[in-house]
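K.L.:
Below are the sequence and a predicted model for it; my questions follow.
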Amino acid sequence: MSILIKGGRIIDPSQGIDETGNILIEDGVVKSYPKTTKKFEKDPDVTVINAKGKVVSPGFVDIHVHLREPGFEHKETIRSGCESAAAGGFTSIVCMPNTNPVNDNASVTEYILLKARTEGIVNVFPIGAITKGEMGETLAQIGEMYEAGCVGVSDDGMPVMNAKVMRHAMEYVQAFDIPVISHAEDKDLSGAGVMNEGVVSTELGLAGIPCASEDVMVSRDITVAELTGARLHICHVSTAGSVRLIRAAKKRGVKVTAEVTPHHFILTDEAVGQYDTNAKMNPPLRGDKDREAILVGLKDGTLDAIATDHAPHSEDEKKVEFDLAPFGIVGLETALPLSLKLVQDGVLTINQMISKLTDAPSGILNLNKGTLKIGAAADVAVWDPEKEITVDRERFHSKAKNSPFHGWKLHGSVLYTIVNGEVVYSA
Ligand code: DOR
């Protein structure tokens with residue numbers, strides 16, 4: 001079975017390609033870029049996708065997703081999370097270990113990968129925990145999880161508070177050339193905070209999480225990475241201070257990379273409005289100055305990748321007082337149109353935006369994805385950057401609906417998602 005994607009604007013930053021052309025997919029891989037297409041169009045074994053006026057890019061790679069399985073299948077399953085990813089143009093997703101049981105040993109990793117192989121429709125790469133049970137005390141079975149298929153380690157959601165434990169993790173991972181992925185937060189400084197500490201939290205009477213809570217940990221982790229020589233990846237950057245610290249560390253040659261979520265580059269803490277729990281996540285939405293610094297960081301390359309932190313929660317869990325609601329919002333199905341706002345607003349070129357969703361995140365975790373090179377697995381997204389859409393959470397493929405973008409009018413629509421040469425989503 002072959003697929004011909006015809007006449008689209010092929011943008012593949014991994015090869016520096018931006019040209020109108022055709023792509024032939026055969027046996028699950030990118031076979032060629034044929035100059036003429038007649039021969040294939042006449043072949044009944046070739047499915048033709050007319051991509052005229054559309055963008056054809058590598059499938060997107062999201063290095064920060066919560067799939068919830070095992071343990072929290074009422075929020076999301078590996079299957080529903082993969083379907084959500086495919087609908088958003090993502091062909092590879094990386095799932096965080098805060099499941100139940102925590103992915104802190106090879107048998108959980110193997111379970112996730114088995115489920116992903118049998119029920120998943122996109123490529124799934126697990127992240128193992130840094131510490132047993134994400135308790136921050138004893139290192140998890142990092143070597144065994146690596147052997148089983150983990151591509152990095154993180155205690156996402158439960159930051160490692162003990163610097164010595166972090167040091168040991170950073171020393172240990174170097175044997176496997178995987179990064180330590182830091183949810184940078186000082187839990188003591190965050191205290192009982194539920195949103196950004198500032199004017200809005202004061203007006204609403206909610207306990208705040210200061211920017212310093214993130215900055216302190218980014219600073220500590222960069223310092224420990226410098227000490228150990230480890231590769232450090234900073235998750236969901238939300239503050240101007242983090243951007244400044246990461247920029248300076250990169251300049252010094254520290255092996256640090258960073259991601260930012262669409263909600264942190266689009267929204268500020270004003271979005272909490274009247275206690276909207278769909279605007280509650282960790283790190284929280286920050287102020288204008290932070291958002292502006294993030295935009296500069298995206299532009300100057302301090303922030304390498306866009307990742308969603310897709311964090312599904314059930315409607316019941318979110319329909320409670322703001323203080324009691326869990327942190328997190330879904331993101332896979334709104335990432336493309338929200339990222340395209342960066343292009344519309346002149347922050348990034350379309351090529352830069354695609355790079356931050358494809359080859360850049362893939363490179364951070366050595367996934368070998370995010371490319372349309374001849375011979376590579378045919379993971380492709382075909383999308384319309386102009387089409388106006390209205391975000392409708394009822395139409396999400398995710399089990400969860402917790403998005404602050406419901407009802408937003410945006411531009412950008414995924415038409416086809418292809419994984420290993422198979423169409424896994426079509427609009
Ligand atoms: O908002 C968040 N949700 N931040 C985290 O760190 C964890 C995540 C979750 O698992 O729901």
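P.N.:
Arrived safely. Only a predicted model underlies this, so the values are computations on that prediction, with no experimental measurement involved.

K.L.:
contacting residues for whichever residue of the stretch 251-400 of the chain sits closest to the ligand?
P.N.:
Closest contact between the stretch 251-400 of the chain and the ligand, by CB to the nearest ligand atom, is at residue 328 (3.0 Å). C-betas here are computed from N, CA, C, even on glycine. Neighbouring residues of residue 328 by CB atoms under 8 Å, 6 or more residues apart in numbering: 66, 280-282, 309, 311-313, 402.

K.L.:
and residue 417, which of the three is it?
P.N.:
Using DSSP: H, G, I helix; E, B strand; the rest coil, the structure places residue 417 in strand.

K.L.:
beta partners of it?
P.N.:
Here residue 417 sits in beta bridges with residue 381, residue 425, as judged by DSSP bridges.

K.L.:
what about it, how many residues close to it?
P.N.:
27 (other CB atoms under 10 Å).

K.L.:
Ramachandran angles for the closest residue to residue 87 other than its chain neighbours?
P.N.:
Excluding the flanking residues, the one nearest residue 87 by CB to CB, 6 or more residues apart in numbering is residue 397, at 4.4 Å. The phi/psi pair for residue 397 (degrees, to the nearest 10) reads phi -80, psi -20.

K.L.:
Give me the neighbour count for residue 397.
P.N.:
Using other CB under 10 Å: residue 397 sits among 17 other residues.

K.L.:
related to what we said a few turns ago, now do the residue of the stretch 251-400 of the chain closest to the ligand, the pLDDT please.
P.N.:
On the pLDDT scale, residue 328 is placed at 98.

K.L.:
what's the spacing between it and residue 263?
P.N.:
From residue 328 across to residue 263, the span is 10 Å (CB to CB, to the nearest Å).

K.L.:
Residues that sit against both of those two, list them.
P.N.:
Taking CB under 8 Å, 6+ apart as the contact rule, residue 328 and residue 263 both touch 281, 309.

K.L.:
if we can go back for a sec, measure how buried the residue lying closest to the residue of the stretch 251-400 of the chain closest to the ligand once chain neighbours are set aside is and give me the count.
P.N.:
Nearest non-adjacent residue to residue 328, counting by CB to CB, 6+ apart: residue 311, 2.7 Å away. Using other CB under 10 Å, residue 311 is surrounded by 26 other residues.

K.L.:
residue contacts, residue 311?
P.N.:
By CB under 8 Å, 6+ apart, the residues touching residue 311 are 66, 281, 327-331, 402.

K.L.:
how about the residues of the stretch 301-427 of the chain near the ligand?
P.N.:
311, 326-328 (CB under 6 Å from any ligand atom).

K.L.:
Now the two most distant members of those residues.
P.N.:
Spatial extent of these (CB to CB) is set by the pair 311 and 326 at 8.2 Å.
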